Structures are given as structure tokens and as C-alpha cells.
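>>> Just to be clear, the model below is a prediction. Sequence and coordinates:
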Amino acid sequence: MKKLVIVESPTKAKTISKFLGKEYTIKSSFGHVRDLPKTKLGVDTENNFEPTYVVPRRAKKAVDELKAAAKKSELVYFATDEDREGEAIAWHLLSLLKTEPKKIRRIAFHEVTKDAIEEALENPRDIDANLVDAQQARRVLDRLVGYKLSPLLWKKIAYGLSAGRVQSVAVRLVVEREREIEAFIPKEFWTVDAIFEKEKDAFEARLQKINGKTVEKFSITEGDEAKKITEILKNETFTIARIEKKQSKKQPPAPFTTSTLQQTANNRLGFTSKKTMFLAQQLYEGIDIGNGGPVGLITYMRTDATTLSNKFTTAAKEYIGNTLGEKYYGGERVYKSKTKNAQEAHEAIRPTDANIHPDDIASFLSKDQFRLYDVIWRRAMASQMANALIDQTNIDVTDSKNAYTFRANGSIIAFDGFMKIYPTQTKESILPNIQEKDEVDLKKLDPNQHFTEPPARYSEATLVKAMEERGIGRPSTYAPIISTIQERNYATKEGKALKPTEIGKIVNDLLVKNFPKVVDYDFTAKLEDELDDIANGEIEWQKVIKNFYSPFEKNIMEKEKELSKKDITEEKTNEVCEKCGKPMVVKIGKFGKFLACTGFPECKNTKELDENGKKEEPMKIEGKCPDCGRDLVQRRGRFGSFVGCSGYPDCKYIRKEPEKEFATCPKCNEGKIVTKRSKRGIFYACNKYPDCKTAYWSQPTGDRCPECKDLLLHGKNDTVVCGNKECGYKT
């Protein structure tokens, strides 16, 4: 009997083929096989929001092959991921293949292993219509917001801007945090810190009480007051008034969800959310570790559940007992998800086999694959281990009048427990062996000035955490949202911190003022809850769309009439154009603010503005223009900073910088793919042009396609696609 199994990616197909017999044919759909059209809305707002689906050009070849294979097969298994996206792909495949329902089987598994696949084949189910409806509702909602709001931004601010149902809320978080930082007024406070010594063993302590009253953070706000205390105490004698010892327990963290994996990978490994999910996808779909073919190393990576299978917890118990000793096993632990309506998958992210230690397969993994697998393995194993035990000691030191009390805190790790495998930032602070009523010498006494700090800018990790806490987005959306707001130039990275751009602030302010519901945190979270209700079969998806769209459409129509582009994008100044004498105004473009002559289009004089909206003068640098001999200056343009002639526009010399090379050209195998610019924007092409005319509109990853050996490119929504449109490979 011929059987066809369809999965989303060729890598996953290759892994699965290792486990199934010759009667099975494994094919890949290369992701979604149907979607809303790119060139039009694709949603009939007059007919119950009926979506119009089309087969994208990149998917046509794969669909034709799947249709042919399905006709030759007696059974067709849809083995796409068990989440809303995977369920929707299965539903779209059912619609396209036109296979008899009795021949269709829907199977799902959370790990790409032999046991999981065999169990899934033995327990097929129907396609879950509720999950499909929830995915359709999200897709339609996002399309309506994007296709209705984005053109309004083009008309009222600048062409090429975009808005999104969750994307714009993420931008609002970043902008509002920046405004908090800008408005922050630091408050002064002082501490009095001492170093005491007993038989040459020194320890630090801080003033904690004055006449029995606790010294709070702002108890001492002036330097004179702190200095007065030091004057009183500098000749005093001190004794140990109290020693308190206790042991505390430090529990292991729960195994990873999508959110906590992205946060930890960002904090510990420095990975972006996009990179984390790309690497996790590779580990999930399968890597050859020397066992005769690829094997899935982790369970499904898009989940907000923290549960673990009995099979894994049993294996973890055996591993911990055999390698570390029984005292390190903490008993089977069950963790409750902190995420509301956690249901995207039924298990946390964990290794598929507890016995595959990261060090044992390091030679088969890339450096970054190893680092991510290592932290996933350690976190999952640690979740089943014993608590760490911390011995804590508090020592109170007082003056002879018992008026001033200093406190020293010490801690020692008595038993490392789970930290044996998953180290944390717990620091030991050892205090000397000392007894109550012992006298100690005062070696140093200092008043120290402090100021309160503003809240930190969001990093990718803290932004994911903030979105999750507010119920904004779901596991599959965090990485693409964070990538999108940077690609749209709404936020930029400064180190790990996300800083809103000028255009990001302007777009956010327009949306907050005129479309408050669209960017309202609670409203967005409520929509997510309603999508969950659809997935649970508790509400019809069209009803959710209608409740949102009717007032939204009305508001769009009103704002198109009310808003004036000139009012939003222009600001009067005292600057006068040195070329034609007309006033200059501050304008807003896609890349932020700039000075422009009001004589446009006859006069096209413009000037750059810095981050604070001030006129930015080009910075003189060493060297002379090779064309005219004038000074060279550093300027900032649409594509970043560059070096040019100070005599612009009379002299238009621009110094060419070394080109960044992304990969060797797959066509000529001689040239390098480098960045190029055109009227349509940035593209990537062979530097052997015109002899070689290879070009791409998306940035190459540097890797080759496993199917056709063309270059892999960064695609939309956290995907990687083949540069050869005929191939269609996607992951």
C-alpha cells in the first residue's frame, strides 16, 4: 500500500524518511501552500469576511508535485506541526489536493523521533476546524489592520511605512519606555558603608538602623547628614550585637517555553529572537549526529506549556541518579505555566533524549547550534533536580551606645543541587568566623552618594517578557514582530537595547492619538483571548472580526478626511534656504526628520537633523577630496553614514567603502554577493557584474540551499527561503 506523508520542510521530511518503511513517500509542502493575495485585500468585508486564498508562485511547483503524489497514494497523512499554523496548512492541503476524505489522515507529534512518529501513525485524528478558524481569524485580522492602516500612514506621513495589529503595540512599548527615560528625574540618596575587621578578617557592612528605626532608601538624602553620621562614629567602638543563620532553598527554573527560551538565549548567549528560533527549528527538524541520518534533538519549539512527558522525566531521573548521584534528583516536578491560556503545544521545549549530552554531539553541531542545544538540555534536566541549599548569615554590628546598627550579609552554597548542571548567577559572600559580643575594629567608614536610575530600555529579551506578561502575541509571533519593528526602522539596536527611531515615535503617536484601540494593550490582549476562544470552539471567528472591523473601518474613513499630512509632517523653523532664500521647514520622511526648502520642487535643498532634531553639520575628517581638493566630511544619508566632499552639491564625490561580502556567487562561483542600491532600494548582487548578473532582493544568510545549492535568503516572518524561485525550499 502506497502511503504519502506531507510535512512542512524538506529537512523534517529527510529526518522522518529515516524512520519509515519503503511503502511511505515523504514530501514537503515548503511551508504554507495557500495565503491571501499580495496585491489586494483578499477579504470580502461585505460577505462575512470570507477570505480569498491563492497559491503563491513559490508554492506552485510543490503543490503540483503533492497533487501527483496524492493521486498515486492510497493513504495521505498530513504531518504538519500541531499548532494553529500547522493545522491551517493541513486544511489548505486538503482543499488543494481534492483527495477523498476516507484517504486522509491527520497526524501530529511534538518531536521528530521514531517513537513519536510511530505513535502518531497509530493514532490519527481529524483536522481540528477550531484551530484552523483561529488561524484564519488571526490572518484576516492582521490583513485588515495592515492593509487599511498602512496606506493611511503612506498618505499622512511617508510612503513605505507599515502598521500591524501586534507590531504597532510592540512599537508603543518601546516608545513609551523611551519617554519614561526622557522624563526621568534622578533622586539623590546616601548610604553609610563600613569595613570592619576581626583578627585581620575584614567584612563590609551598611548602616541599617538609627536608634532602632530602619534606614530606608531615601532616609538620608543629603551629603551633610551622611557626613555628620561618619563624624559621630569615626572614633566609636563596635561589637557584634546579633548573628542570624538560616538555610534557604533555591528551586530550579521550569523547562523552557518559547518566551523563556528567547529571553535566556538573548541574555546568556546574545542571540536575537529570530536567530534563536532559526536554530531551534534546525534542532527540532533533525541533525545528523552520526547515527545513520538526521534525528530531531529537541521537541517542538513554539509552545507556552511547561509540562514534560512521563517518558522524559523517567529518563531524566535515571540519568541524574547514574551520573550525579541520587541526592541530586529532586523528585518528579510539575510546573504550572504562568502564561494565560497556555495551549499552543502540550509540552515544554526539551531534548528528545535525556541521554544525548551536548558534549557528546558537539562535533556534529555548529557552534551556535551547540550553544542553544546545551542550554535547552541543561534547563530541562535541571528542572527535575534537587533544590540548591544556601546558608545565609546576617551579622549586626552596633556602636557602644547601640544607636547605630550596621548589617553584613553573607551566603555560602551548602549544596549546589540543580546548579551542578544549570549554573546561575548566585554569588558567595563569606563572612569571618565571629561570635556575638565580639569587638571588631572599624577600618573604614564612608558616606556614599547615589542617584536613582531610569528604567532600562527594552532588550529583545525584556520586550518578549513584557509582551507575554500583557498577553500580547503568542509564541509563534514574538520573533517576527521584533524583527519587523527593526526592519521597518521603528527601532534600532544600541548594544542589546532597543531604541525607538524618530519615525517610530511619529507613527506611534499618530496611532495612539487617532486609533487608540488598535494599540491599546488590554484591547490587543482581549483579541488574543478571543482567538483562544475560537480555538476552543467557544465563539465563531467571523463574529470576532466583525466586532473589531466595524468601528475600525468607520474610524479609518473619518481620519482619512480629518488628518492633514502637512500638519503631521511639517514644522516651521527660523532657517532660511541659502540657495533660494525661502524658509525651510522640518519634514518627516520614512527615515526620520530633515530640513527641506519650501521652494520644492524648484529648489530641492535639504539638510540633515540629528537625533534631537537639531541641524546636523557634516563632521570634517582627515583627507582631501580627490576630485576637487576640498575637505572631506562625514555625512549621514538614507543608507547610513558615508564620507563625501564638503563642496556638495558642486562636487558629488563619495568615497566608496569596502563592500561587505555575504557569500560566493552560486552562478559564476568567482564573484562575491555584495550590497547594491537602486531606485527601488537595497538589493544583493554579484560584484562581477555585468559579466555575471546574479541578483537577489533579500539578504543572503551565507548558506546554500540543501536542495538546489543556490543561496538561502532571509525571508518574511522569520523564514529562510531559497533564492531560486523554481526550487521553493523554505524553512
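In hand now; what should we look at?

>>> secondary structure element for the closest residue to residue 220 other than its chain neighbours?
Taking C-beta to C-beta, 6 or more residues apart in numbering, and ignoring the residues beside it in sequence, residue 220 has residue 190 as its nearest neighbour in space, at 4.3 Å. Quick note: C-beta positions are derived from backbone N, CA and C, even for glycine. Remark: residue 190 resides in strand 188-198, with elements defined by DSSP states H and E.

>>> Would you mark the buried spots in the following helix or strand past that strand?
Downstream of strand 188-198, the next assigned helix or strand under DSSP H and E is strand 201-210. For strand 201-210, the neighbour count (16 or more other C-beta atoms under 10 Å) marks 203, 205, 207-209 as buried.

>>> what's the answer for stretch 273-291, then?
Taking 16+ other C-beta under 10 Å as the basis for neighbour counts, the residues of stretch 273-291 that come out buried are 273-287, 289.

>>> Report the strands that pair with whichever strand or helix holds residue 701, each with its relative direction.
Under the assignment given by DSSP H and E, the secondary-structure element containing residue 701 is strand 700-704. Strand 700-704 has its sheet partners listed here by DSSP bridges as strand 711-714 (antiparallel).

>>> Look up the residues forming beta bridges with residue 620.
Residues in beta-bridge contact with residue 620 (DSSP bridges): residue 633.

>>> What is the burial count for it?
The burial count assigned to residue 620 is 11, neighbours taken as other C-beta atoms under 10 Å.

>>> Kindly report the same for the one 4 residues further on.
Summarising burial for residue 624: neighbours were counted as other C-beta under 10 Å, giving 12.

>>> thinking again about what came up before, quick one: which of the buried residues of stretch 273-291 sit in strands?
Using DSSP state E, residue 287 are the members of those that sit in strands.

>>> Distance check, the closest residue to residue 196 other than its chain neighbours against residue 157.
If the residues on either side of it in the chain are set aside, residue 196 comes closest to residue 440, at 4.3 Å by C-beta to C-beta, 6+ apart. Applying C-beta to C-beta, to the nearest Å, one obtains 66 Å for the distance of residue 440 from residue 157.

>>> okay, these two: which has more neighbours?
Neighbours per residue, other C-beta under 10 Å: of residue 440 and residue 157, the larger number sits with residue 440, 24 against 20.

>>> and that one, what does it touch?
When contacts are counted by C-beta atoms under 8 Å, 6 or more residues apart in numbering, residue 440 touches 196-198, 238-240, 397, 434.

>>> which residues in the stretch 351-500 of the chain form strands?
Counting by DSSP state E, counting those that start in this stretch, the stretch 351-500 of the chain has strands at residues 388-399, 404-415, 439-451, 491-494, 497-500.

>>> can you check the stretch 501-650 of the chain too?
With DSSP E, counting those that start in this stretch, the ranges of strands along the stretch 501-650 of the chain come out as 570-576, 583-589, 592-597, 606-608, 619-624, 631-637, 640-645.

>>> most neighbours per residue, which of those strands?
Of all the strands of the stretch 501-650 of the chain, strand 592-597 has the most neighbours on average by mean count of other C-beta atoms under 10 Å, namely a mean of 21.

>>> coming back round to it: quick one: strands adjacent to the strand holding residue 190?
Its sheet considered, strand 188-198 pairs with strand 201-210 (antiparallel), strand 439-451 (antiparallel) by DSSP bridges.

>>> want to try JSON lines for those, with distance to residue 268 and mean pLDDT as columns?
Below are these laid out as JSON lines (distance: least, C-beta to C-beta, whole Å; pLDDT from 0 to 100):
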{"stretch": "strand 201-210", "distance to residue 268": "29", "mean pLDDT": "96"}
{"stretch": "strand 439-451", "distance to residue 268": "29", "mean pLDDT": "96"}
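
>>> quick one: which of those strands is nearest residue 152?
Residue 152 lies closest, by C-beta to C-beta, to one member of the strands paired with strand 188-198: strand 439-451, at 43.1 Å.

>>> what residue lies at the spatial centre of this structure?
The geometric centre of the chain, computed from its C-alpha atoms, lies nearest to residue 273 (C-alpha atoms, centre = their mean), at 3.3 Å.

>>> For that one, which non-adjacent residue is closest in space?
The spatial neighbour of residue 273 that comes closest, neighbours along the chain excluded (C-beta to C-beta, 6+ apart), is residue 479 at 3.9 Å.

>>> And for residue 239?
residue 439 (5.3 Å).

>>> Residue 236 is in contact with the one you found, correct?
No - with contact defined as C-beta atoms under 8 Å, residue 439 does not reach residue 236; the gap is 11.4 Å.
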